[in-house]
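**Student:** Show me how the following folds:
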Amino acid sequence: MLPLSRAVPKELLPLGRMPVIQHVVDELVAAGIRDLVFVTARDKPAIRDYLSDREFWKQQLAHFTSDDVRMHFVEQDRQLGLGDAVRQAFPLIQRHAFVVALGDCVFDATIGSNLVKRMIGAATASNAAVIALEEVPREDVAKYGIAKTEMNGNELTILDLIEKPSPAAAPSRLAVAGRYVLSPEIFDFLLQTKPGRGGEVQLTDAIGAMIRNGKKVIGIRLQSFERRYDVGEFDLYYRAFEDFAAAEKRDREIAPPLQQIVIGHAFARAGLLGNPSDGYGGKTISCILRNWSAEVRLTPAEKIRFVPGRGEPHEFGSVDDFIQSVCRHGYYGGLRLVQAATKCFFEYCRNRFTEAQHCKSFSAEYRSDIPRQLGLGGSSAIIIATLRALSEFYEVELAKEWLPSLALSAETNELGIPAGLQDRVIQSYEGLMYMDFCSEKSVRENGLTRGTYERLDQHLLPNLYVAFRESAAEPTEVLHSDLRKRFELGEPKVVSAMQDFAEIAWLGRQAILDRDSDRLSELMNANFDLRRSICRILPEHLQMIDLARSTGASAKFCGSGGAIIGVYQDAQTFDRLCAALLKIGAHVVRPQIDTMRLPNRSA
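**Tutor:** Here you go, the predicted structure:
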């Protein structure tokens, strides 16, 4: 496809009026899939940019479902084969069966294919991995993974897969057609798969190893009307464009207009330095984590209505189920956060409402994929998202410098949750922020107090990682309520530590500006060591810190505990880090901070 693909990634080439990748998305959503993980190369930012517009995708996919389609992103540092690309998504999907769809391969211009849905059904019925197969000319077998098969009743059992064999060595002409349904156990084999043909980690090699270990894999052949288009060759792409354009001209469906829905969002965050001094007149540095987000949707309605989130069940199968739910979500889950933020918004902005605005009502619903109770700012993200949605819905501007303070008042004044401004500041400004909360630099207005905030260039940061362990969740109140009491009682060790936290943040600011990654790494370690001297640390949290540091990386808490952040030197250190933390069930991701890129989750 050169030189065209130098200018435009082939996944974004048009097929009719839509780029290739959008046809793939439509196919998967039509099959009932609601979580899409995009593994992209670092040198293809245009793909991430195209996929970044949430509102566009909500409108484009509205004719398939009223549910949100959640898009997650992984950036592959080096293109080391399809097997390596799938392996990058391990932290996101390790406990679930999943579909693999190649982004430069589409189906059917004229008749809707239900291939993926058939494959999912076959996988469920047979408790097997499923691979789509199509018969190709003998001279083309060297372009594909080729299956060795046998019929067992009505099932086409795959006995082996050979990656790009010569025509003479090919066991058949049945080629892998760019769609797979795999169980999570494939990762056990992918993690052991060495680079094969072309120096790449091949998915077919891992599937072959799985077959040799007695795992069942079956093939689904394309039906006569299911035509696959591979846009990797120009003549095939040209014919595909003609077919899709002709189909659109005949019977292009226009999606019905959406209701006037307003959506507010906010991302997770991590405290780099200084925490937890933000609630004690200290200084902090934080970064946004676009890997996870919360959003609040407001739909015009006759009455104001708050809809419980999906994670807030109201019916329970047993007493144990009920107790586990309360332990995980609290008595009100995220719904109380939305309601508290709404009350504070009305009280703060009511005198700016017109009569027409007073009469507006809405139905509010929130969703969040931020891991709970791990110190990643999940609660404050829901509140910030609520305030942003309300601001747009009622057309009342909230000044960015006061948005964090209003959000904090919802938690502290309305809900009695001990907290500081740090989380709300970084979630309001995003990027990378240095914050000074000392009383001399604080500003008070309309009953709210704010600190002094300075934006730092996130591109000055070294290699960062974030790791979290969902089984080690701990509510933020456990840490902050005890610490607040000790601080207010004037415990010398705690008061002194808060001053030291602030000094660490100040020194870290200079280290970032100087691009001194070693110094920043030392300060992050020192931040945790200081915290450990005044706070109780759960053994499972300390285990994460110790394992991370044993690989050569630095490590400290992102927030209250359960998630850590640190600096790593190179790819080898990152690989050691992933391997060490994986053994205790911890996920490792590269934090996505840059506002010009999409969330990046990789293992």
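
**Student:** How far off centre is the longest helix seen in the chain?
**Tutor:** Looking across the chain with DSSP state H, the single longest helix is helix 492-513. With Cα atoms, centre = their mean, to the nearest Å as the basis, helix 492-513 stands 31 Å off its chain's centre.

**Student:** For it, name the packing helices and strands.
**Tutor:** strand 262-273, strand 283-300, strand 432-436, strand 452-456, helix 476-488, helix 517-534 (3 or more Cβ pairs under 8 Å, 6 or more residues apart in numbering; DSSP states H and E). The C-beta positions use only the backbone N, C-alpha and C, and glycine is treated the same way.

**Student:** Need these in CSV (columns: mean pLDDT and mean neighbour count).
**Tutor:** What follows is the helices and strands packed on helix 492-513, written out as CSV (pLDDT from 0 to 100; neighbours: other Cβ atoms under 10 Å):
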stretch, mean pLDDT, mean neighbour count
strand 262-273, 92, 26
strand 283-300, 90, 25
strand 432-436, 95, 23
strand 452-456, 94, 15
helix 476-488, 70, 17
helix 517-534, 95, 19
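
**Student:** Now do the buried residues in the longest helix of the chain.
**Tutor:** 494-495, 497-498, 500-509, 511-512 (16 or more other Cβ atoms under 10 Å).

**Student:** Who is the nearest residue to residue 136 once chain neighbours are set aside paired with across the strands?
**Tutor:** Computed as Cβ to Cβ, 6 or more residues apart in numbering, the closest residue to residue 136 that is not its neighbour in sequence is residue 175, at 4.5 Å. Counting by DSSP bridges, residue 175 is bridged to residue 134, residue 146.

**Student:** before we move on, the earlier item: orientation of the longest helix of the chain relative to strand 452-456 in degrees?
**Tutor:** 40 degrees (axes from the mean of the first three to the mean of the last three Cα atoms, to 10 degrees).

**Student:** Correct me if wrong: the residue nearest to residue 136 contacts residue 149.
**Tutor:** No. Using Cβ atoms under 8 Å, residue 175 is not in contact with residue 149; the gap is 11.6 Å.

**Student:** Look up the residues that both of those two are in contact with.
**Tutor:** Any residue near both residue 175 and residue 149 by Cβ atoms under 8 Å, 6 or more residues apart in numbering counts here, and that gives residue 133.

**Student:** can you tell me the helix or strand for residue 80?
**Tutor:** Taking DSSP states H and E as the definition, residue 80 sits outside all helices and strands.

**Student:** begin at 18 from here
**Tutor:** That works, and once the first residue is 18, the last one we named lands at residue 97.

**Student:** next one: stretch 200-209 to chain centre, how far?
**Tutor:** 21 Å.

**Student:** again, but for stretch 302-310
**Tutor:** 11 Å.

**Student:** What pLDDT does the model give residue 370?
**Tutor:** pLDDT, residue 370: 78.

**Student:** circling back: CSV for the helices and strands packed on helix 509-530, including distance to residue 484?
**Tutor:** Shown next, in CSV, are the helices and strands packed on helix 509-530 (distance: least, Cβ to Cβ, whole Å):
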stretch, distance to residue 484
strand 279-290, 11
strand 300-317, 12
strand 449-453, 19
strand 469-473, 23
helix 493-505, 18
helix 534-551, 13
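
**Student:** for these, which one sits closest to residue 203?
**Tutor:** strand 300-317 (23.0 Å; Cβ to Cβ).
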